[in-house]
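1. only the shape, not the letters, is given here:
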Ligand SMILES: [Fe+2]
Ligand SMILES: [Fe+2]
């Protein structure tokens with residue numbers, strides 16, 4: 001069940017649950033939003049509002065029942081960008097920050113072999129998280145990018161197979177972080193800087209919770225949204241092959257509906273983004289953006305940006321105040 005909607009105030013999100021601070025910043029929305037609503041703040045940063053709300057509400061509820069519904073609302077490219085920003089956050093920021101604190105906490109007993117081993121254990125854990133996230137960036141997300149390009153990668157395992165490995169890796173991460181906490185809680189000699197070490201332990205708990213929520217989002221909403229996309233891409237590929245065989249019956253300007261991707265392109269075009277910027281945002285090549293634009297022109301029979309803007313407003317794809325006139 002949705003808790004926050006597009007007219008909620010951004011500040012209320014954080015007042016409701018401080019964990020949303022990280023969610024908001026990973027979407028690239030800065031603090032200091034005054035009395036801005038979710039829609040206004042997201043639009044000012046070029047963030048897809050339904051995707052933002054889906055993640056916010058999922059983090060708050062962790063609700064399995066709403067996964068199907070949320071997966072239909074998200075933009076896969078926006079969600080993937082969010083996940084990639086989260087990976088950078090964990091790998092480049094959070095894990096090194098905790099490592100620095102841990103060193104400070106155990107420094108006073110540097111002669112102690114256990115301190116050295118604990119740091120080694122931490123480094124192995126951090127390396128495991130890093131390997132996991134690199135695998136996602138270079139395998140899973142690369143596969144999804146191909147789907148976003150409208151391609152079904154030949155010979156590649158389908159997403160279901162990739163996601164299964166993904167889920168297995170997530171349970172292994174949980175096991176390692178439990179071990180890390182246990183070593184500190186149960187076995188670390190009490191002659192260390194207790195305040196500093198306890199504080200580090202708190203940080204590890206908070207990071208673990210954050211990481212768990214991240215993995216959970218990947219296994220549920222992201223996985224389901226990608227499955228839907230994959231199904232769509234495969235169906236289109238099949239349809240096109242069949243269509244090619246049936247040949248030349250197609251006419252210009254039929255009542256073909258715009259795909260979700262095409263709608264996304266329109267939203268970005270009317271906000272004044274260039275083809276190159278659209279390509280970057282949607283994780284596709286400039287050529288694919290141009291193909292989408294040609295298909296949009298064919299389906300809508302509208303060829304000018306001004307015409308497209310009117311079309312987008314009339315069809316509720318954008319609000320008047322988002323449009324770059
Ligand atoms: Fe991840
Ligand atoms: Fe993951």
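-> Sure, I can see it. Given the structure is predicted, the values throughout are model-derived calculations rather than measurements. Ligands and ions are numbered 1, 2, ... in the order given.
2. sketch out the low-pLDDT regions of the stretch 201-325 of the chain for me.
-> 240-255, 324-325 (pLDDT under 70).
3. give me every residue in it lying close to ligand 2.
-> 215, 218 (C-beta under 5 Å from the ion). Backbone N, C-alpha and C define where each C-beta goes, glycine included.
4. quick one: the strands in the stretch 201-325 of the chain?
-> For the stretch 201-325 of the chain, strands defined by DSSP state E, counting those that start in this stretch do not occur.
5. where do the helices of it begin and end?
-> For the stretch 201-325 of the chain, applying DSSP state H, counting those that start in this stretch gives helices covering 223-246, 260-270, 275-282, 286-300, 305-314.
6. how about the stretch 51-200 of the chain?
-> For the stretch 51-200 of the chain, the helices defined by DSSP H, counting those that start in this stretch cover 67-73, 76-88, 95-107, 113-135, 141-148, 159-182, 194-217.
7. got a list of contacts for the first one?
-> Going back to what we said before, that points to helix 67-73. Helix 67-73 has contacts (C-beta atoms under 8 Å, 6 or more residues apart in numbering) with 50-51, 53-54, 57-58, 220-221, 224-225, 227-228.
8. which among the residues you listed end up buried?
-> The neighbour-count criterion (16 or more other C-beta atoms under 10 Å) marks 51, 53-54, 57-58, 220-221, 224-225, 228 among those as buried.
9. that older thread, select, out of the helices of the stretch 51-200 of the chain, the one closest to residue 31.
-> Closest of the helices of the stretch 51-200 of the chain to residue 31 is helix 76-88, at 15.7 Å (criterion: C-beta to C-beta).
10. that closest one - contacts with which helices or strands?
-> In this structure, helix 76-88 makes packing contacts with helix 20-26, helix 49-61, helix 141-148, helix 194-217, helix 223-246, helix 275-282, judged by 3 or more C-beta pairs under 8 Å, 6 or more residues apart in numbering; DSSP states H and E.
11. pick the most buried one from those helices.
-> Highest mean neighbour count among the helices and strands packed on helix 76-88 (mean count of other C-beta atoms under 10 Å): helix 49-61, with a mean of 21.
12. touching that helix from outside, list them.
-> Taking C-beta under 8 Å, 6+ apart as the rule, helix 49-61 contacts 1-6, 13, 16-17, 19-20, 23, 27, 29, 38-39, 42-43, 63, 66-67, 70, 73-75, 78-79, 82, 213, 217, 220-221.
13. from those, list the buried ones, please.
-> Among the contacts of helix 49-61, those classed as buried by 16+ other C-beta under 10 Å are 4, 13, 19-20, 23, 27, 29, 38-39, 42-43, 66-67, 70, 73-75, 78-79, 82, 213, 217, 220-221.
14. would you list the phi and psi of residue 9?
-> Backbone torsions for residue 9, taken as degrees, to the nearest 10, come to phi -80, psi 140.
15. can you tell me who it pairs with across the strands?
-> Partner residues in beta bridges with residue 9, using DSSP bridges, are residue 37.
16. that one touches residue 36, doesn't it?
-> Yes - contact criterion C-beta atoms under 8 Å: residue 9 and residue 36 qualify, at 7.2 Å.
17. show me how the record splits this structure into domains.
-> Residue ranges for each domain of the chain read 10-70, 75-241, 260-322, as given by automatic domain parsing.
18. figure out which of the helices and strands packed on helix 76-88 is closest to residue 259.
-> Of all the helices and strands packed on helix 76-88, helix 223-246 comes closest under C-beta to C-beta, at 7.7 Å.
19. neighbours of the residue of the stretch 1-150 of the chain found nearest ligand 2, how many?
-> For the stretch 1-150 of the chain, the nearest residue to ligand 2 under the criterion C-beta to the ion is residue 136, separated by 5.3 Å. Counted with other C-beta atoms under 10 Å, the neighbours of residue 136 add up to 21.
20. could you check the pLDDT of it?
-> Residue 136 carries a pLDDT value of 92.
21. now do residue 155
-> pLDDT, residue 155: 68.
22. equivalent analysis for residue 173, please.
-> Predicted confidence (pLDDT) for residue 173: 85.
23. isn't it up against residue 214?
-> No - using C-beta under 8 Å, residue 173 is not in contact with residue 214; the gap is 10.0 Å.
24. ok, the nearest residue to residue 145 once chain neighbours are set aside to ligand 2 distance?
-> What sits nearest to residue 145 in space, not counting adjacent residues and going by C-beta to C-beta, 6 or more residues apart in numbering, is residue 283, at 4.7 Å. Per C-beta to the ion, to the nearest Å, residue 283 is found 18 Å from ligand 2.
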